[in-house]
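Enquirer: how does the following fold in three dimensions:
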Amino acid sequence: MIELEGVPELIDPVMVAAFEGWNDAGDAASTAVGHLDREWKGEVFAALDAEDYYDFQVNRPTVWLDGGARKIVWPTTRLSVVRVGGEKPRDLVLVRGIEPSMRWRSFCNEILGFAHELGVEMVVILGALLGDTPHTRPVPVSGVTSDADLARTMDLEETRYEGPTGIVGILQEACTHAGVPAVSLWAAVPHYVSQPPNPKATLALLNRLEDLIGLRIPLGELAEDARAWQLGVDQLAAEDSEVAEYVQSLEEARDTAELPEASGEAIAREFERYLRRRDGGPGQTPGGHATESGEGSGTYLRDTSGPGSGPGSGPGRGRPPRAPRPGPDPSAEAGPGAGPDREPGTDTGDDEDSSDD
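Expert: All right, here's what the predicted structure looks like:
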């Protein structure tokens, strides 16, 4: 039995989760949940026992000094609550941690136990993968669910993916079997520039989450960070003609695929978002548009050739920076990659509101 002493009764709570690792290219998803926790001053109320779920040779604990005393921080998953006021208050339960090394079913059952005790009405799981997408265009964000009714009522794509999956896919299925409405939002990170952080992808996830749960999310400095990130990548790409040519080919492919959307529903969605945010709030800009944002420091171009190891293989880990080569296989670098039958989709995404799996 999970007992939550000291946790107030929540108003229409939604659980938002993200996990570092395979499902978190560019650290975009975990950074998004961290942003929510920071902006809304989340209060941690629980942490899963690290001994039960983590291999400490894979995710090592860290040692730090606190006033001369040595302390150890163990890798784990923590849950916090944020109270969101306003005309239509709605509370969030934030789950942020590392993809577990073992006992995934028990891990999901424990999280669902908290969701049940807190009266969570819906679970939203954020993820990010490496995709065949240009950094100069809006970040594609796919919204998928295993619930046919939820797909129909919330304009989401019903998942049809078959193949290897991560904790995001496992937790979504666990929610479905437990009768808890669950949605996964996936951002596609350019596979040739995957070094974290990627504030543009983080911003796109938050914009899509905002639309999904009906809350205005304070963006803080994310828009400026994303704009600086894109400028930094532009400069790096301009220094190599081969890279610039490859990016141009991605742009042409993307623009061609999006021509039918350029003057219809996509424009209407952007205008509606602008109207919602035009009065703004502290640290917010009208639109909060992903194409207006990024960070240049610590960014480098990645090799686009050769197989990867899934969505989380790409946050700048494991290979030295090399200039990309034209014509990569998107499924090789992105793991479960592009298309309606993959997890998650990267070939759609006229903007950050696109839906696919």
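Enquirer: tell me the buried residues in the helix or strand containing residue 109?
Expert: Assigned by DSSP states H and E, residue 109 falls within helix 104-118. For helix 104-118, a neighbour-count test (16 or more other CB atoms under 10 Å) marks 104, 107, 108, 110, 111, 112, 114, 115, 118 as buried. Just so you know, the C-beta spots here come from the backbone N, C-alpha and C atoms, and that holds for glycine as well.
Enquirer: what is the most widely separated pair among these?
Expert: 104 and 118 (21.5 Å; CB to CB).
Enquirer: where do the strands sit along the stretch 1-150 of the chain?
Expert: Using DSSP state E, counting those that start in this stretch, the strands of the stretch 1-150 of the chain run over 14-20, 43-47, 62-66, 69-73, 78-82, 92-98, 122-131, 141-145.
Enquirer: who wins for proximity to residue 180 among the ones you listed?
Expert: strand 122-131 (5.8 Å).
Enquirer: measure the closest residue to residue 76 other than its chain neighbours to residue 245 for me?
Expert: Of all residues not flanking residue 76 in the chain, residue 50 sits nearest, at 4.3 Å (CB to CB, 6 or more residues apart in numbering). Residue 50 sits 47 Å away from residue 245, going by CB to CB, to the nearest Å.
Enquirer: check residue 171 too.
Expert: For residue 171, the distance to residue 245 - CB to CB - is 40 Å.
Enquirer: can you list the buried residues in stretch 202-214?
Expert: With burial defined by 16+ other CB under 10 Å, the residues of stretch 202-214 counted as buried are 202, 203, 204, 205, 206, 207, 208, 209, 210, 211, 212, 213.
Enquirer: which of these fall in strands?
Expert: Nothing among the buried residues of stretch 202-214 maps onto strands, per DSSP state E.
Enquirer: what's the closest of the residues you listed to residue 9?
Expert: Nearest member of those to residue 9, counting by CB to CB, is residue 213, at 18.8 Å.
Enquirer: output the lowest mean pLDDT helix or strand found in this structure.
Expert: Lowest on mean pLDDT, DSSP states H and E among the helices and strands of the chain sits helix 330-334, with a mean of 34.
Enquirer: identify each buried residue in whichever helix or strand residue 249 is part of, please.
Expert: Using DSSP H and E, residue 249 maps to helix 241-258. By neighbour count on 16+ other CB under 10 Å, the buried set for helix 241-258 is 243, 246, 247, 250, 254, 258.
Enquirer: what do you get for stretch 157-169?
Expert: Within stretch 157-169, judged by 16+ other CB under 10 Å, the buried ones are 157, 158, 159, 161, 165, 166, 167, 168, 169.
Enquirer: quote the end-to-end distance of that stretch.
Expert: For stretch 157-169, the first-to-last residue distance is 14 Å (CA to CA, to the nearest Å).
Enquirer: would residue 173 count as being in a helix?
Expert: Yes - judged by DSSP: H, G, I helix; E, B strand; the rest coil, residue 173 forms part of a helix.
Enquirer: which pLDDT value goes with the closest residue to it other than its chain neighbours?
Expert: Nearest residue to residue 173, sequence neighbours excluded (CB to CB, 6+ apart): residue 146, at 6.2 Å. Looking at residue 146, its pLDDT stands at 87.
Enquirer: that'll do, ta.
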